[in-house]
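In: For reference, the sequence and a predicted model appear below.
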Amino acid sequence: GNSVTQMEGPVTLSEEAFLTINCTYTATGYPSLFWYVQYPGEGLQLLLKATKADDKGSNKGFEATYRKETTSFHLEKGSVQVSDSAVYFCALTPWGYALNFGKGTSLLVTP
Amino acid sequence: DAGVIQSPRHEVTEMGQEVTLRCKPISGHDYLFWYRQTMMRGLELLIYFNNNVPIDDSGMPEDRFSAKMPNASFSTLKIQPSEPRDSAVYFCASSPSGTGNTGELFFGEGSRLTVL
C-alpha cells in the first residue's frame, strides 16, 4: 500500500538554524509528493509539492527534492524563523486527489 | 473567497450521544474529503466524495460512522452512538477536478470533538 514515514518530533531549533525534516515513502507507481503545514488552531495548508522524480518543490524558503532512488522527500530550510513554528506533514497521492499523510512533525523555533 | 467552512468548531458531548459535523466545500470543487486527526494515529482519511457520490469509505472506522453529501455545497459526518475514543479533530477538505486539480487539498479549520 501507500504510506509515508516522517521523523518524530518535536523538533526544537533556535532562530536562524538549519532545518531538516525527514520523510520517506512507500508507494506503487509514481506518486506526487507534498509538504503541508498546520499552524496552531488552523487546518492544513499546502507548503510545496513535487510531481515527478528529481523535481524540487519550494516555497517561503522551504525546499524538498523528490528522490525516487531513496524514496525520500526531505524538507529543508536554511534559516528558520519563530513564525515557522508549526506542525509539518509529508503526504503522497498516487493519483492526484486523496492524500496519505505522515503523522506530522512538530517544529518549535525559539528566539 | 470563502474557504471550506466547518461547524461546529468545538463539540463536547457525552458517550452515547449522536454527533453531527457539517462541512461546506469551496464552490466549484467536486471532491470532498473527511479526515480525522489524533495524536496516536495522525491524519486518517475516513471517506471521500466525487460529485456528491461516496467513492471510498474504507477508512470509516465502523458502522457508528456515516457520511452524506446531499448536494454539492453540503456534507455531514455523523457518529451514533459516540464513544470516548472518537475524540479527535475532524477535518473536511475539498479539491477541484480536471485541469483545476493540482493535487492540493483545501482544508477547513476542523471540528474538535470531545466525547466524555
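Out: Here it is on my side, so go on.
In: What is the end-to-end distance of stretch B:106-116?
Out: In terms of CA to CA, to the nearest Å, the two terminal residues of stretch B:106-116 are separated by 30 Å.
In: what's the answer for stretch B:3-20, then?
Out: The first residue of stretch B:3-20 is 20 Å away from its last residue (CA to CA).
In: Equivalent analysis for stretch A:7-15, please.
Out: 20 Å.
In: Phi and psi next, for A:D84.
Out: Its backbone dihedrals place A:D84 at phi -80, psi -10, with angles given as degrees, to the nearest 10.
In: you'd agree A:E76 is up against A:N22?
Out: No. Under the criterion of CB atoms under 8 Å, A:E76 lies out of contact with A:N22, with a separation of 10.0 Å. Backbone N, C-alpha and C define where each C-beta goes, glycine included.
In: I'd guessed A:N2 sits against A:S32; true?
Out: No. Between A:N2 and A:S32 no contact is recorded; they are 11.2 Å apart, counting by CB under 8 Å.
In: between the two, who's got more neighbours?
Out: Under the neighbour definition other CB atoms under 10 Å in any protein chain shown, A:N2 and A:S32 were set side by side, and A:S32 has more, 22 against 16.
In: what is in contact with A:N2 and A:S32 at once?
Out: Any residue near both A:N2 and A:S32 by CB atoms under 8 Å, 6 or more residues apart in numbering or on different chains counts here, and that gives A:L92.
In: residue closest to the middle of chain B?
Out: If you average the C-alpha coordinates of chain B and look for the closest C-alpha using CA atoms, centre = their mean, you land on B:W34, 3.0 Å from that point.
In: Say whether chain B is contacted by the lowest-mean-pLDDT helix or strand in chain A.
Out: The helix or strand of chain A with the poorest confidence is strand A:100-101; it has a mean of 90 (mean pLDDT, DSSP states H and E). Yes. Strand A:100-101 is in contact with chain B by CB under 8 Å from any CB of the partner chain, via A:100-101.
In: Give me the residues contacting that strand.
Out: A:2-4, A:36, A:89-93, B:35, B:42-43, B:45.
In: Run through the residues of chain A sitting next to chain B.
Out: Residues of chain A lying near chain B (CB under 8 Å from any CB): A:32, A:34, A:41-46, A:49, A:51, A:89, A:93, A:96-104.
In: Only the buried subset of these, as a ChimeraX command please.
Out: ChimeraX command restricting the residues of chain A next to chain B to the buried ones, with burial defined by 16 or more other CB atoms under 10 Å in any protein chain shown:
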select /A:32,34,43,44,46,49,51,89,93,96,97,98,99,100,101,102,103,104
